[in-house]
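Enquirer: here's a sequence, model it:
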Amino acid sequence: MAFILKDRVQETSTTTGTGDFTLAGAVSNHKSFSSVCSVSDTFWYTIVHAGTAWETGIGTYSGANTLNRTTVIESSNANAAVNFTAGTKDVFITLPASKALGLQPSTTSATGVVELATTAEMRTGTDASRVPSVEAVRDGTGAGWASFSAHKNGTSQTGVAINVRTQVTFGTEDYDIGGHFASHGWTPPAGKVRLTANIYISGATTVTNHLISIFKNGVQWREFSRSGNTFGSIEINADDHANGTDVYTVYATESASSGSSTILGGAIFTNFSGHMIN
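Expert: Down below sits the predicted model:
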């Protein structure tokens with residue numbers, strides 16, 4: 001048994017009453033039910049007796065050239081089975097409007113209709129109940145696509161205090177899909193996120209550790225350290241479930257005996273990025 005969805009399947013019938021319909025053959029340029037259905041297959045059907053009555057529902061191909069009116073969905077008889085009178089009826093497969101998945105612009109709403117989000121809504125994530133429009137998907141601007149990449153554009157950050165975590169600044173954006181990166185921090189829409197930060201910090205005397213941290217809402221949240229007195233190229237990666245107002249920033253320091261540090265400004269050394277994940 002299968003549910004059949006086929007185009008241009010239409011026959012006539014002279015059956016009367018409320019029972020099964022005997023199908024009398026395909027009309028011109030259409031297919032017969034027998035050419036697309038096996039016994040016990042089901043389908044959407046419509047029966048029309050021109051100027052008299054009509055009925056839509058779920059039908060079953062119950063035997064050779066026989067349509068069983070299994071479930072009536074709507075009809076001219078107050079949505080009950082029609083007692084068809086004598087005459088020729090058209091019988092065909094078609095999708096009832098009440099069972100269709102409608103797609104419409106988000107400027108209007110209707111029960112049972114899936115609304116498409118506009119590109120602007122997808123950029124800001126203002127209406128998660130709407131599905132992405134083709135335009136928004138192509139543009140890659142929906143809340144689910146929020147992402148960014150930023151760096152220092154060659155401007156080193158000097159005089160960084162040792163043994164104190166200092167915020168790393170990122171003055172240049174490669175991109176910021178959704179517009180959620182500002183003031184050197186990222187505030188993504190609600191959902192799962194992945195963050196990556198790289199820094200190159202050096203300059204202090206007798207360094208024991210290079211440290212990089214991701215702060216969440218101004219509080220240290222994740223940290224990675226690398227021991228040793230060599231130049232400090234260091235990276236951190238972390239996943240989280242953002243609530244829509246969480247702000248992620250990057251901090252760094254060197255554990256050292258004296259002096260101050262410099263965070264190199266080259267984009268290949270010091271950068272910060274993030275994106276939404278499923």
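Enquirer: make it CA atoms for all contacts and neighbour counts henceforth
Expert: Will do.
Enquirer: which residues in the stretch 51-200 of the chain form strands?
Expert: Along the stretch 51-200 of the chain, the stretches classed as strands by DSSP state E, counting those that start in this stretch are 53-63, 66-75, 89-93, 102-105, 113-117, 131-132, 147-151, 157-161, 166-167, 172-177, 181-182, 185-186, 191-202.
Enquirer: for Phe21, find the nearest of these.
Expert: Smallest distance to Phe21 across the strands of the stretch 51-200 of the chain (Cα to Cα): 5.0 Å, for strand 66-75.
Enquirer: where does the chain have low pLDDT?
Expert: In the predicted model of the chain, residues 101-144, 230-231 satisfy pLDDT under 70.
Enquirer: show me the helices in it, by range?
Expert: Taking DSSP state H, the helices of the chain run over residues 119-124, 134-139.
Enquirer: show me what Cys84 is bridged to.
Expert: For the record, residue 84 is Phe, not Cys. As for beta bridges, Phe84 partners with Gly17 under DSSP bridges.
Enquirer: isn't it right next to Thr16, touching?
Expert: Yes. Using Cα atoms under 8 Å, Phe84 makes contact with Thr16 at a distance of 4.8 Å.
Enquirer: between these two, tell me which one has more neighbours.
Expert: More crowded of Phe84 and Thr16, by other Cα atoms under 10 Å: Phe84, with 21 against 17.
Enquirer: tell me the spacing between that one and Ile234.
Expert: When Cα to Cα, to the nearest Å is the yardstick, Phe84 and Ile234 sit 80 Å from each other.
Enquirer: Asn243 now?
Expert: Distance of Asn243 to Ile234, given as Cα to Cα: 28 Å.
Enquirer: okay, the two: which has more neighbours?
Expert: A count of neighbours by other Cα under 10 Å puts Ile234 above the other of Asn243 and Ile234, at 19 against 13.
Enquirer: what's near enough to touch Thr56?
Expert: Counting by Cα atoms under 8 Å, 6 or more residues apart in numbering, Thr56 touches Trp44, Tyr45, Thr46, Ile47, Val72, Ile73, Glu74, Ser75, Pro96.
Enquirer: neighbours of the third one, just the number please.
Expert: Which is Thr46. Quick note: Thr46 (other Cα under 10 Å) scores 24 neighbours.
Enquirer: surely it meets Glu55?
Expert: Yes. In this structure Thr46 lies within contact range of Glu55 using Cα under 8 Å: 5.6 Å.
Enquirer: neighbours around the residue lying closest to Thr196 once chain neighbours are set aside, how many?
Expert: Nearest residue to Thr196, sequence neighbours excluded (Cα to Cα, 6 or more residues apart in numbering): Asn237, at 4.5 Å. Neighbourhood size, Asn237 [other Cα under 10 Å]: 16.
Enquirer: surely Asn237 and Ala197 touch.
Expert: Yes. Between Asn237 and Ala197 there is a contact at 6.7 Å, judged by Cα under 8 Å.
Enquirer: in contact with Asp174: list those residues for me.
Expert: Phe148, Ser149, Ala150, His151.
Enquirer: out of those, which is most surrounded?
Expert: Top of the contacts of Asp174 by neighbour number is His151, holding 26 neighbours under the definition other Cα under 10 Å.
Enquirer: list the contacts for the residue nearest to it when sequence neighbours are not counted?
Expert: Ranked by Cα to Cα, 6+ apart and with sequence neighbours excluded, the top spatial neighbour of His151 is Asn271, at 4.3 Å. Neighbour list for Asn271: Ser149, Ala150, His151, Lys152, Phe170, Ala197, Asn198, Ile199 [criterion: Cα under 8 Å, 6+ apart].
Enquirer: make it 6 Å
Expert: Ala150, His151, Ala197, Asn198 (Cα atoms under 6 Å, 6 or more residues apart in numbering).
Enquirer: show me what it is bridged to.
Expert: Beta-bridge partners, per DSSP bridges, of Asn271: His151, Asn198.
Enquirer: how much space between it and Ser149?
Expert: In terms of Cα to Cα, Asn271 sits 7 Å off from Ser149.
Enquirer: and for Ala64?
Expert: Between Ala64 and Ser149 the distance is 65 Å, computed by Cα to Cα.
Enquirer: any idea how the chain splits into domains?
Expert: Domains of the chain are assigned by automatic domain parsing as 3-98, 101-139, 146-276.
Enquirer: cheers, nothing more for now.
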